[in-house]
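Chemist: pasting the sequence and the predicted model now:
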Amino acid sequence: MSAPEVYEVPSAPLDLGRADDEARLAGASHWRVAARRLRRNPGAVVGAAIVAVFVLVAVFAPLIAPYDAGELPGRAEIRPTYIPGPSDEYLLGLDRYGADLFSQLVWGARASLLIGVLSTLLGLLGGILLGGLAGGLGGWTDTGVMRFVDLLLAVPSLLLAVSIAAIAGPTPAAIVIAIGAVQVPIFARLLRGSMFAQRGQDYVLAARSLGLSRRTVTMSHVMPNSASPVIVQATLLLATAVIEAAALSFLGLGGGSPTTAEWGRMLTSAQSELEIAPRLALWPGACIAVTALGFTLFGEALREALDPRSRKR
């Protein structure tokens, strides 16, 4: 007697792609699946490469830059109507004050990275505090916190940043505080909405049915599962922070002297030299644009990797 034939019931196809299906079948975590999607995304690869170069240049600036920040090795070669261009000694030429332009760009990358990261961390901490209170407690706390957030969002971001920086004084710390304050309501609203969406999930209802306290459910279950969109937004806001830092420095709110190695400050100094040396504005402007592009590409790719529903069809 022959053995009975065994028929396999075909499973319903998944929309996340073959590699994602295999990852799920193998028990891969959500973040591991997202990492696989990132590796297959050309935009993520390009963005990550740009960000990696930017970070490496900023970290190893003392080793890469031929001269120290603010050093003026070519001061004697500057003439009222002539600024030396690229040469064997100065890769990108000199600026109006005799500083090596390449060295200034390298040191400017460090300044932009510090301001961008610190301001985003400041905004993230403030947003987590406000958004966590609103999303975790709800009720009148939620109403009061969100009205304050709405008040901050009602003011244009650049105007708010300029006002805070002007009050705090023309220093790099003032720029960090100004940009961070602008980002606080963005993170707060995003985290609060994400927490509200998670509160109705089955795992939250199951935790409450087991008798866990509201604080335990919020801190151990709701908050960690609400972090993905906040992390993505932080990556995207790093690009905004670099641009806003350059804008505030361009307006003279970052302090320092005309020879300060900061991309926005370099653009300010280059305004009066556009006719005889347009490269003085071209290079720092290109650095700002490319760095912001890198963070934006990587942030958008990370958004798609963590939430496949956001993919563009």
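Modeler: Cool, got the structure.
Chemist: any idea of the pLDDT on the closest residue in space to Gln104 that isn't next to it in sequence?
Modeler: Closest residue to Gln104 apart from its sequence neighbours, by C-beta to C-beta, 6 or more residues apart in numbering: Ala261 at 4.7 Å. From N, CA and C alone the C-beta is placed, and that goes for glycine too. We have a pLDDT of 82 for Ala261.
Chemist: number of nearby residues for Leu251?
Modeler: 16 (other C-beta atoms under 10 Å).
Chemist: ok, it - contacts?
Modeler: Listed by C-beta atoms under 8 Å, 6 or more residues apart in numbering, the contact set of Leu251 reads Val162.
Chemist: dihedrals phi and psi, it?
Modeler: phi -80, psi 0 (degrees, to the nearest 10).
Chemist: measure it to Val162 for me?
Modeler: For Leu251, the distance to Val162 (C-beta to C-beta, to the nearest Å) stands at 7 Å.
Chemist: ok, now Ala234?
Modeler: For Ala234 relative to Val162 (C-beta to C-beta), the value is 23 Å.
Chemist: of these two, who's got more company?
Modeler: Remark: of Ala234 and Val162, Ala234 carries more neighbours, 24 against 18, as counted by other C-beta under 10 Å.
Chemist: wait, what's in contact with that one?
Modeler: So Ala234 contacts Thr120, Leu124, Phe187 (C-beta under 8 Å, 6+ apart).
Chemist: pLDDT weak spots in the stretch 151-300 of the chain?
Modeler: Scanning the stretch 151-300 of the chain for pLDDT under 70 picks out 255-256, 258.
Chemist: just the helices in it please.
Modeler: 157-168, 172-199, 202-209, 214-217, 223-225, 227-250, 263-270, 279-306 (DSSP state H, counting those that start in this stretch).
Chemist: show me what stretch 159-177 is in contact with.
Modeler: With contacts defined as C-beta under 8 Å, 6+ apart, stretch 159-177 is touched by 111, 114-115, 118-119, 122, 152, 178-179, 181-182, 244-245, 248-249, 251-256.
Chemist: so what's Ala178 up against?
Modeler: Ala178 touches Ser119, Leu160, Ala161, Val162, Ile164, Ala165, Ala168, Leu248, Leu253, counting by C-beta under 8 Å, 6+ apart.
Chemist: now with 7 Å?
Modeler: Ala161, Ile164, Ala165, Ala168, Leu248 (C-beta atoms under 7 Å, 6 or more residues apart in numbering).
Chemist: for the residue nearest to the spatial centre of the chain, give me its contacts.
Modeler: Centroid-nearest residue in the chain: Leu238, 1.8 Å away (criterion: C-alpha atoms, centre = their mean). Counting by C-beta under 7 Å, 6+ apart, Leu238 touches Gly116, Thr120, Phe295.
Chemist: out of those, which end up buried?
Modeler: Gly116, Thr120, Phe295 (16 or more other C-beta atoms under 10 Å).
Chemist: by contact count, what packs against the helix or strand harbouring the first one?
Modeler: In other words, Gly116. Assigned by DSSP states H and E, Gly116 belongs to helix 101-137. Helix 101-137 makes packing contacts with helix 42-59, helix 61-64, helix 139-153, helix 172-199, helix 227-250, helix 263-270, helix 279-306 when contacts are defined by 3 or more C-beta pairs under 7 Å, 6 or more residues apart in numbering; DSSP states H and E.
Chemist: recalculate using a threshold of 6 Å.
Modeler: Here helix 101-137 touches helix 42-59, helix 61-64, helix 139-153, helix 172-199, helix 227-250, going by 3 or more C-beta pairs under 6 Å, 6 or more residues apart in numbering; DSSP states H and E.
Chemist: now that helix: mean pLDDT?
Modeler: Mean predicted lDDT for helix 101-137 stands at 90.
Chemist: in that helix, what's buried?
Modeler: So for helix 101-137, counting by 16+ other C-beta under 10 Å, buried means 101-113, 115-120, 122-124, 126-128, 130-136.
Chemist: that one vs helix 139-153, what angle?
Modeler: If you take axes from the mean of the first three to the mean of the last three C-alpha atoms, to 10 degrees, helix 101-137 sits at 150 degrees to helix 139-153.
Chemist: what angle separates helix 101-137 from helix 42-59?
Modeler: Angle, helix 101-137 to helix 42-59, by the same axes, to 10 degrees: 120 degrees.
Chemist: what sits against the nearest residue to Gly70 once chain neighbours are set aside?
Modeler: Once flanking residues are discounted, Gly70 sits nearest to Thr259: 4.9 Å by C-beta to C-beta, 6+ apart. Residues in contact with Thr259 (C-beta atoms under 6 Å, 6 or more residues apart in numbering) are Gly70, Tyr97, Ala99.
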